[in-house]
Each structure stands twice: as structure tokens, then as C-alpha cells.
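1. Give me a 3D structure for the following:
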Amino acid sequence: QGLEGAEGDVLSLQAEYGLNFLIHNYFPPAMENFVMNIASKDADIKNSTISQIDKAVALTKRCGGDLYTVHPGYNRSLLREKNGRFYEDLNSKNGHAQESTKEDFYRIIDFLSSHHEGNGVRIGIENFFPYFENLRMFLDNAEDIFEFLDRYRASHGIGLLLDFGHI
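-> Numbers count the residues shown, from 1 in each chain. Next up, the predicted model:
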């Protein structure tokens, strides 16, 4: 099928063993080291995140799947150390990382909804656990989750991945 690396491996394993895959967040692996953030005010991070989601949705479709899931995003831009830990990006191109809002989060979810409408792959946005006092993820509390559910009640392409471990 012409794909190399992890994507090609997934398709080969699927063909050889009849496996089904659910693709989540950072798969296929990105070439650059970045922290996906749907709500980021940093244009590079937001564009890299959308590109990563587009690749994952395309692979989901190629695998015959109909659901891709992703983390909801942080209220600040983050960097990832080699050991996998995250820390706030205090030196982003825009100066001190600007705080993202619920409106930033919903603007991108609305974009993803219209951008992937009708392609047969739904996007599940995962709830998350509260992080730290000045760093939080969206959908990290009941109020956010119910607001999200109300907003996308009629959507056929966007939904909630309810992770009970994060409740």
C-alpha cells in the first residue's frame, strides 16, 4: 500500500492478522517533537496539531475505522522533554505563552467538525483530569463536559471519549 514506518506496519499487521485498530492522539508518530494542543494560541502548535489530526484521521479511514480520539488541549503551550514530561513553554514565539480560552478550544473543534464532515470518521475528544493550578486541560470537569455534550448534541462527527480513569 506504499506506506512506510508505523503507518505501513499497522496496515501490514491488519492485513496479515485481521486486526482492528483504534487510533488515538499522537499516532502516527510525528516527525517533530511537539505537544499537541487543539486550543493553543501559538499558530505553529495549532497548525501542527491539526496536521497530526488530519494524518491520524486519514490512517483511521485507511484502516477501515470510523473513530479517531484526541486529547482536548491545554490552556497554555507546552514543550515535551526527552523523558516525556511536559513543561510550560515560557519562550514561545509569541513571548510568554498566552492563555487559551474555551472559545479557542471550541473554534478548533468546530473547524475539525466541518473539515472532516462526511468523511466517515468521527472524532472523539477525550475528557481529562485536572492538572495544576495554572495549567489545565479542557473537559477536565463536569461543567465543561456537559457544555461540550450540549454543544455537539446534534453532531455526527464530533463526540466525547469518556475516560473513566480520568474522572
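2. CA only for contacts and neighbour counts going forward, please
-> Will do.
3. which strands and helices sit next to the helix or strand where residue 106 lies?
-> Element membership for residue 106 (DSSP states H and E) is helix 102-115. With contacts defined as 3 or more C-alpha pairs under 8 Å, 6 or more residues apart in numbering; DSSP states H and E, helix 102-115 has no helix or strand neighbours.
4. In it, which residues are buried?
-> Judged by neighbour count using 16 or more other C-alpha atoms under 10 Å, the buried positions of helix 102-115 are 104-106, 108-109, 112-113.
5. I'd like to know which of the residues you listed is nearest to residue 56.
-> Closest approach to residue 56 among those (C-alpha to C-alpha): residue 112, at 12.5 Å.
6. ok, now how distant is that closest one from residue 57?
-> From residue 112 across to residue 57, the span is 11 Å (C-alpha to C-alpha, to the nearest Å).
7. Please report the distance of the residue nearest to the spatial centre of the chain from residue 57.
-> In the chain, the residue lying closest to the centroid (C-alpha atoms, centre = their mean) is residue 70, at 3.1 Å. From residue 70 across to residue 57, the span is 11 Å (C-alpha to C-alpha).
8. Could you do residue 39 as well?
-> Distance, residue 39 to residue 57, using C-alpha to C-alpha: 19 Å.
9. What of residue 162?
-> From residue 162 to residue 57 the distance is 19 Å (C-alpha to C-alpha).
10. Who has more neighbours out of these two?
-> Neighbours were counted for residue 162 and for residue 57 using other C-alpha atoms under 10 Å; residue 57 has more, 27 against 15.
11. what's the angle from the host helix or strand of residue 123 to helix 102-115?
-> Taking DSSP H and E as the definition, residue 123 sits inside strand 122-126. Orientation check (axes from the mean of the first three to the mean of the last three C-alpha atoms, to 10 degrees): strand 122-126 against helix 102-115 gives 160 degrees.
12. For strand 122-126, name the packing helices and strands.
-> In terms of contacts (3+ C-alpha pairs under 8 Å, 6+ apart), strand 122-126 is packed against strand 67-70, strand 158-161.
13. Can you tell me which of these is most buried?
-> Among the helices and strands packed on strand 122-126, strand 67-70 has the highest mean neighbour count (mean count of other C-alpha atoms under 10 Å), at a mean of 22.
14. Give me the sheet partners of that one and which way each runs.
-> strand 23-24 (parallel), strand 122-126 (parallel) (DSSP bridges).
15. With mean pLDDT and mean neighbour count as new columns, can the ones you listed be given to me in TSV?
-> Shown next, in TSV, are the strands paired with strand 67-70 (pLDDT from 0 to 100; neighbours: other C-alpha atoms under 10 Å):
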stretch	mean pLDDT	mean neighbour count
strand 23-24	93	20
strand 122-126	96	22
